[in-house]
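Participant: this one's structure only:
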């Protein structure tokens, strides 16, 4: 199974600060169809996960554009340009290129 | 408004069965590939099963460790997806989510304990 390694496990940021989360895959997530099925999810406290970004860099409808995703093959990054209070929670990367679908262990974002 | 509502969770003894249901609305369910994903008490997310749409002959895939114990199904006429879980084990204790990956339900808690 594909192992996704997220770093850092926790992140503490002030409002307005920009932060990045890394997700490294144990194998390339480039699919034979040319797409790369690496998504980012946010789970706010007490809520279910929600999709933020799909296929590396595509913003899900309604997600603020302070969120951006980048990367290729095995190295991916989620960036928040100007953290807001509502961004606190746990961020997960997830891959759907290889079966079974797998998740990173999460990065908890705390607001200072 | 998109809604996915899971029901059927609860406390069950090891070896027993449980069937989870997920009723959806607000999106085109018939063309959605639906999944069941669980979150363990340690917050780890684990994909369990997927059922594709009619155009893909409702192809089904499972996590190897639940194959033979869990069965996913869907009813497009009711915009619902189901998960039949048999021979439950204590390690199956988790919050169970149904999701198209774009949309997620609020989850239903399954506790397996004697």
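Facilitator: Good, I have the coordinates. Not measured: the values here are computed from a predicted model.

Participant: Report the separation between the residue positioned nearest the centre of chain A and chain B.
Facilitator: What sits nearest the mean C-alpha location of chain A, by Cα atoms, centre = their mean, is residue A:40, with 3.2 Å. Separation of residue A:40 from chain B (Cβ to the nearest Cβ, to the nearest Å) stands at 12 Å. For glycine as for every other residue, the C-beta is placed from the backbone atoms N, C-alpha and C.

Participant: Could you report the neighbour count for residue A:52?
Facilitator: 23 (other Cβ atoms under 10 Å in any protein chain shown).

Participant: I figured it hits residue A:42, correct?
Facilitator: Yes. Counting by Cβ atoms under 8 Å, residue A:52 touches residue A:42, with 5.3 Å between them.

Participant: okay but residue A:103 is in contact with residue B:45, surely?
Facilitator: Yes. Counting by Cβ under 8 Å, residue A:103 touches residue B:45, with 4.1 Å between them.

Participant: Now do the shared contacts for residue A:52 and residue A:42.
Facilitator: residue A:91 (Cβ atoms under 8 Å, 6 or more residues apart in numbering or on different chains).

Participant: that older thread, which neighbours do residue A:103 and residue B:45 share?
Facilitator: A:92, A:94.

Participant: How many residues are close by residue A:41?
Facilitator: The burial count for residue A:41: 26, using other Cβ under 10 Å.

Participant: any idea how far it is from residue B:70?
Facilitator: Going from residue A:41 to residue B:70 by Cβ to Cβ, to the nearest Å gives 22 Å.

Participant: try residue A:51
Facilitator: Relative to residue B:70, and taking Cβ to Cβ, residue A:51 is found at 24 Å.

Participant: a strand runs through residue B:77, doesn't it?
Facilitator: No. Counting by DSSP: H, G, I helix; E, B strand; the rest coil, one finds residue B:77 to be helix, located in no strand.

Participant: Do you know the pLDDT at it?
Facilitator: Reported pLDDT at residue B:77 in the predicted model: 97.

Participant: any idea how far it lies from chain A?
Facilitator: 26 Å.

Participant: what does chain B have sitting close to chain A?
Facilitator: B:35, B:43-47, B:50, B:61, B:63-64, B:97, B:99, B:101-107 (Cβ under 8 Å from any Cβ of the partner chain).

Participant: quick one: low-confidence parts of chain B?
Facilitator: Counting by pLDDT under 70, chain B contains no low-confidence residues.

Participant: Go ahead and flag the most central residue of it.
Facilitator: Short answer for chain B (Cα atoms, centre = their mean): residue B:36, at 3.3 Å.
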